[in-house]
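Engineer: Structure for this input, please:
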Amino acid sequence: MRTFGIAEALFIIAAVRWTLLLSLLAFTGGGIVGLLVALARTAPPSWLRRAAAGYIQLFQGTPLLMQLFLVFFGANLFGANVAPLTSAAIALTLNGAAFLGEIWRGCIQAIPNGQWEAATALGMRHLPRMRYVILPQAGKLAIAPTVGFLVLLLKSTSLASIIGFVEVTRAGQIINNVTFRPFLVFGIVAAIYFILCWPLSLLSQRLEQRFGTVSR
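Structural biologist: Below is the predicted model of the structure:
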C-alpha cells in the first residue's frame, strides 16, 4: 500500500486538464449539433420538427452511461479502434446536443409573436427572419441556461471514467486503488469539481439576472 502524498495529489490535479478538454470538445460539438436541433424544432416542415423531437427524446430518455457504452463498444464491435477520449466526446456531444437543442428551442419560442409578425410583415422568409430578428434576441435569453448546462456537462464528464478515460474521477480511482484512502482521495476529487463548477454557477445566476428578460 502506498502512502498518499504530494505526488498522488498532483496526479489527480493534473487530470483536470483532461476533464476540461473533454468538456470543451463536448460543449463545442453539442453546441453546433444543438443549434441545428433547435432550428429543426422550430422549422416550418412538420417532418423536420418530428425528427428533431425524436432525437431529443432518444438521448434525453436513455442514460448517458448507456450512450457511452454504445459509442465505445459499438465502434470496437465494427473493428474501429476508437480512443476513450474520442468515444466520450462523441457520446457527450450527442447527449449535450439534445439538451442544448431543447434549451435553445425554448428561448426561440419565448420571443414574442409581435417580433415574428413584424419580420413577416417586412417580407422576410424563415431563414432571414431567424438570422436577423429572432436568434439575436433568443441568444440573450439562452446565455444563462447555457452556462448552467455547462456546469452539468462538466460534472457529467466523470462518467467517462467507466470506459477508461483518465479524467479527474478516474485519476481518483487509480490513486485510491493504491493508497486505500477513499475519503481523502474522493474528497479531493469533489473539491476539484466544486472549484470548477461553483464560479460557473454564480456566473449563470448573474447572467440570468441580466439577460433573463426580452423586450416586448
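
Engineer: Please report the distance of Phe174 from Ser158.
Structural biologist: Slight slip there: residue 174 is Ile, not Phe. 14 Å (Cβ to Cβ, to the nearest Å). Using the backbone N, CA and C atoms, a C-beta is placed for each residue, glycine as well.

Engineer: Now for those two: what residues contact both?
Structural biologist: The overlap between the contact sets of Ile174 and Ser158 (Cβ atoms under 8 Å, 6 or more residues apart in numbering) is empty.

Engineer: tell me the secondary structure for Arg2?
Structural biologist: coil (DSSP: H, G, I helix; E, B strand; the rest coil).

Engineer: Now Ala40: closest residue in space that isn't a chain neighbour?
Structural biologist: Sequence neighbours aside, Ala52 is the residue nearest to Ala40 in space, at 3.7 Å (criterion: Cβ to Cβ, 6 or more residues apart in numbering).

Engineer: what's the spacing between the one you found and Ala119?
Structural biologist: 22 Å.

Engineer: And Ile195, by the same measure?
Structural biologist: 44 Å.

Engineer: which one of these two has more residues nearby?
Structural biologist: Between Ile195 and Ala119, counting by other Cβ atoms under 10 Å, Ala119 is the more crowded of the two (19 against 10).

Engineer: helices and strands around the strand or helix carrying Ala171, which ones?
Structural biologist: Assigned by DSSP states H and E, Ala171 belongs to helix 168-179. Applying 3 or more Cβ pairs under 8 Å, 6 or more residues apart in numbering; DSSP states H and E, we find helix 168-179 packed against helix 6-14, helix 16-41, helix 182-211.

Engineer: Point out the most buried one among those helices.
Structural biologist: With neighbours taken as mean count of other Cβ atoms under 10 Å, these reach their highest mean count in helix 16-41, at a mean of 19.

Engineer: Heading C-terminal from it, find the next helix or strand.
Structural biologist: Following helix 16-41 toward the C-terminus (DSSP H and E): helix 46-60.

Engineer: Next, the buried residues of that next one.
Structural biologist: Ala52, Ala53, Tyr55, Ile56, Phe59 (16 or more other Cβ atoms under 10 Å).
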